[in-house]
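Engineer: model this:
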Amino acid sequence: MGRITLMFPGQGSQYVGMGKNLYENYEIARHVYEEANDAIGFDLMSLCFSGDINELTKTENAQPAILAMSVAAYRVYMQEIGRAPLYLAGHSLGEISALTCSGAINFSDAIKIVRQRGKLMQEAVGVGEGAMLAVSGIDRYTIAAECGKASTGGQIAVISNYNSEDQIVISGNKVAINTVKERLEQNGAKCTFLKVSAPFHSPLMNPVADKFKEELANWHTYYLEPKTLMRKEVP
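Structural biologist: Numbers count the residues shown, from 1 in each chain. Next comes the predicted model:
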């Protein structure tokens, strides 16, 4: 049998109905959503299963929603298949999901942490003022150059993620991102806006770092050393 690595998604993977099938078919998943509701004090289940996509996409909602879905899926996987992964990893928010599923962070704490993380990130840039754009079919140097040209007059556009050899994500002020999009599409690039409500992994998020550091200092959760974390087997 081969080694198993589990990857957890970041924001943009949310959709209305997420987790509903798990909730309806597995008691262990129901417990996850019930614990999430109790921890953050609002009906996350209803928002995930039948809510409004615009409300779900708000950072303060999307982060706990994706975390809950990830933890529910992981616990069902461990219950039904039971093969502990050698590695747990994730992108952005997915890192917190990986830490939670590994046992490094208590789920009840984690759901509160990401809820607050989302609020801070959303406050940094107002809804509708920032954007993230996935770009493919054009080289990174052209993308970087166009971002530089569009970053004027207080507007910012930067490369934020190197997803693959043929997909790069840019983040920044929506006006600047739209400008880059138009120029890149004129050169044959394929561009798709991500389903997020803020420009993550850009300098516009810098003010959040110190505030989030202060928030984490109030928590008494523990963190494992990376080598220990990678091999931790959790029921």
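
Engineer: In this structure, where is pLDDT below threshold?
Structural biologist: Across the chain, the ranges flagged by pLDDT under 70 are 1, 219-235.

Engineer: in it, which spans are helices?
Structural biologist: When secondary structure is read from DSSP state H, the chain shows helices at 20-25, 27-40, 44-50, 53-57, 59-80, 93-102, 107-124, 140-150, 174-186, 206-217, 226-230.

Engineer: May I see these organised as a markdown table, with distance to residue 159 and mean neighbour count added?
Structural biologist: (Glycine included, C-beta is placed from N, CA and C.) A markdown table is the format used below for the helices of the chain (distance: least, CB to CB, whole Å; neighbours: other CB atoms under 10 Å):
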| stretch | distance to residue 159 | mean neighbour count |
| --- | --- | --- |
| helix 20-25 | 35 | 15 |
| helix 27-40 | 33 | 18 |
| helix 44-50 | 31 | 19 |
| helix 53-57 | 23 | 15 |
| helix 59-80 | 21 | 23 |
| helix 93-102 | 19 | 24 |
| helix 107-124 | 19 | 21 |
| helix 140-150 | 6 | 17 |
| helix 174-186 | 10 | 19 |
| helix 206-217 | 16 | 13 |
| helix 226-230 | 26 | 12 |
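
Engineer: Distance to residue 14 added to those, as CSV?
Structural biologist: Shown next, in CSV, are the helices of the chain (distance: least, CB to CB, whole Å):
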stretch, distance to residue 14
helix 20-25, 13
helix 27-40, 14
helix 44-50, 8
helix 53-57, 5
helix 59-80, 5
helix 93-102, 10
helix 107-124, 11
helix 140-150, 26
helix 174-186, 20
helix 206-217, 20
helix 226-230, 26
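
Engineer: mind checking which of those helices is nearest residue 162?
Structural biologist: Smallest distance to residue 162 across these (CB to CB): 7.4 Å, for helix 140-150.

Engineer: How is the chain divided into domains?
Structural biologist: 5-124+212-230, 130-196 (automatic domain parsing).

Engineer: can those domains go into a markdown table with extra columns for distance to residue 205?
Structural biologist: Supplementary listing: these in a markdown table, determined by distance: least, CB to CB, whole Å:
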| stretch | distance to residue 205 |
| --- | --- |
| domain 5-124+212-230 | 6 |
| domain 130-196 | 8 |
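
Engineer: closest to residue 202 out of those domains?
Structural biologist: domain 130-196 (3.8 Å).

Engineer: what's the span of the closest one, first residue to last?
Structural biologist: 9 Å (CA to CA, to the nearest Å).

Engineer: Repeat that for stretch 31-50.
Structural biologist: 18 Å.

Engineer: Stretch 7-15 too?
Structural biologist: Using CA to CA, one end of stretch 7-15 lies 18 Å from the other.

Engineer: who does residue 158 bridge with?
Structural biologist: residue 171 (DSSP bridges).

Engineer: Enumerate every residue touching it.
Structural biologist: When contacts are counted by CB atoms under 8 Å, 6 or more residues apart in numbering, residue 158 touches 147, 151, 170, 171, 172, 202, 203.
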